[in-house]
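Asker: Only the shape, not the letters, is given here:
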């Protein structure tokens with residue numbers, strides 16, 4: 001399998017994991033709009049940082065734990 005580009009990884013997370021990540025975020029913060037904003041910001045942050053750092057082994061998990069949680073902490 002050829003290497004996955006950051007853009008392909010972000011697209012895959014968006015297409016395959018949105019429901020799971022959003023459900024977890026809504027469960028965490030109890031607010032759909034905040035969860036959606038945090039997830040969107042996480043995807044933008046991934047597009048910004050993964051070209052330099054490389055695509056993580058589990059992009060969906062990294063999107064949730066390392067990218068969305070700081071946004072949630074900022075807003076809560």
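Answerer: Okay, I see it. Computed from a prediction, not measured in an experiment: that's the story for all the values here.

Asker: shaky segments in the chain?
Answerer: 1-3, 64, 66-68, 71-72, 75-76 (pLDDT under 70).

Asker: can you give me the helices in it?
Answerer: Ranges of helices within the chain are 6-29, 32-53, 59-62, 69-75, based on DSSP state H.

Asker: Tell me which of these sits most buried.
Answerer: Comparing the helices of the chain by mean neighbour count (mean count of other Cβ atoms under 10 Å), helix 59-62 ranks first with a mean of 18. Backbone N, C-alpha and C define where each C-beta goes, glycine included.

Asker: contacts for that one?
Answerer: 9, 10, 12, 13, 16, 17, 20, 21, 46, 50, 56 (Cβ atoms under 8 Å, 6 or more residues apart in numbering).

Asker: Centroid-nearest residue for this protein?
Answerer: When Cα atoms, centre = their mean is applied to the chain, the residue found nearest the centroid is residue 63 (2.9 Å).
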